[in-house]
Structures are given as C-alpha cells and as structure tokens.
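1. okay, predicted coordinates and the sequence, questions at the end:
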Amino acid sequence: MARRKAAAPDGAPPPPAPFAVAGELTIYRAAELRDLLLAGVAAGARRFDLSGVTEIDSAGLQLLAATRASVARGGAVADFLEPPACVREICATCGLLPWLERHAEAA
C-alpha cells in the first residue's frame with residue numbers, strides 16, 4: 001500500500017519532492033538536460049536538488065539560469081537545493097554566488 005505524505009500542520013499539502021538533477025551539467029548534455037528541465041518546470045517543479053551534480057560548465061550554468069527564468073515566468077521562485085562544490089565554484093568564479101545562494105537551501 002502506498003503511503004500518503006502527511007499534510008503540513010496548517011492543513012496545506014506537503015511540497016512536492018524536489019526535481020533531481022544529477023551527473024554532468026555540461027555542453028555535452030545541454031540539449032538532453034534542457035528538455036528534462038523544461039519538462040520538470042512544465043510539470044510544476046519549483047525545487048531542484050543539485051546534490052547529484054558531479055561537473056558543471058558554463059552551459060550547465062546557463063541551464064540553471066534558464067530554469068530559474070522559466071519558473072519565474074510562471075510567477076514562482078526556483079529553489080536550488082544542496083548545490084555541490086562544483087556548482088558553488090563556477091558561480092563564485094562568475095560572480096554569481098549571491099544569485100545561487102538567494103534561493104539555495106538544504107533539502
């Protein structure tokens with residue numbers, strides 16, 4: 001039997017599970033990841049678990065920015081959960097660490 005998630009104390013339903021982003025966020029997977037992320041946003045994803053990201057380049061950073069912009073166009077905020085060191089490093093190098101941390105949180 002499937003377990004139901006308990007409602008929040010205020011009666012609101014629990015937030016959906018974060019959309020998992022894993023592996024290499026690089027130019028070599030950009031088209032594949034773009035389609036996956038857009039499908040996630042279309043399905044209502046607003047929280048993205050980055051803990052499984054193993055490598056990222058500027059194309060991957062661009063995908064994260066586009067994902068955040070797509071969510072914002074829908075009137076919501078995209079949260080990037082548990083960004084690993086590689087994501088933090090590229091954001092720091094590009095001067096985007098405040099942008100990342102604005103909505104980064106622990107899952």
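-> Structure received. Numbering: from 1, shown residues only.
2. can you report how many residues lie near Leu25?
-> 26 (other CB atoms under 10 Å). Placement of C-beta: from N, CA and C, glycine included.
3. show me what the helix or strand harbouring Gly23 is packed against.
-> Using DSSP states H and E, Gly23 sits within strand 19-25. Where contact means 3 or more CB pairs under 8 Å, 6 or more residues apart in numbering; DSSP states H and E, strand 19-25 is packed against helix 30-42, strand 47-56, helix 58-73.
4. which residues are contacting the last one?
-> Contacts to helix 58-73, defined as CB atoms under 8 Å, 6 or more residues apart in numbering, come from residues 24-27, 30, 33-34, 37-38, 40-41, 45-46, 48, 53, 77-78, 80, 87, 90-91, 94, 96, 103.
5. re the thing from before, list the buried residues of the strand holding Gly23.
-> 19, 21, 25 (16 or more other CB atoms under 10 Å).
6. surely the last one touches Leu37?
-> Think Leu25. No - counting by CB atoms under 8 Å, Leu25 stays clear of Leu37, with 9.8 Å between them.
7. where does this protein have low pLDDT?
-> 1-9, 103-107 (pLDDT under 70).
8. what's across from Arg47 in the sheet?
-> Going by DSSP bridges, Arg47 is paired in beta bridges with Asp79.
9. how about Gly23?
-> Counting by DSSP bridges, the residues bridging with Gly23 are Val53.
10. what residues are up against it?
-> Gly23 neighbours (CB under 8 Å, 6+ apart): 29, 52-55.
11. just Arg34 next, same as before
-> Here Arg34 is in contact with 63, 66 (CB under 8 Å, 6+ apart).
12. nice, that's everything, thank you.
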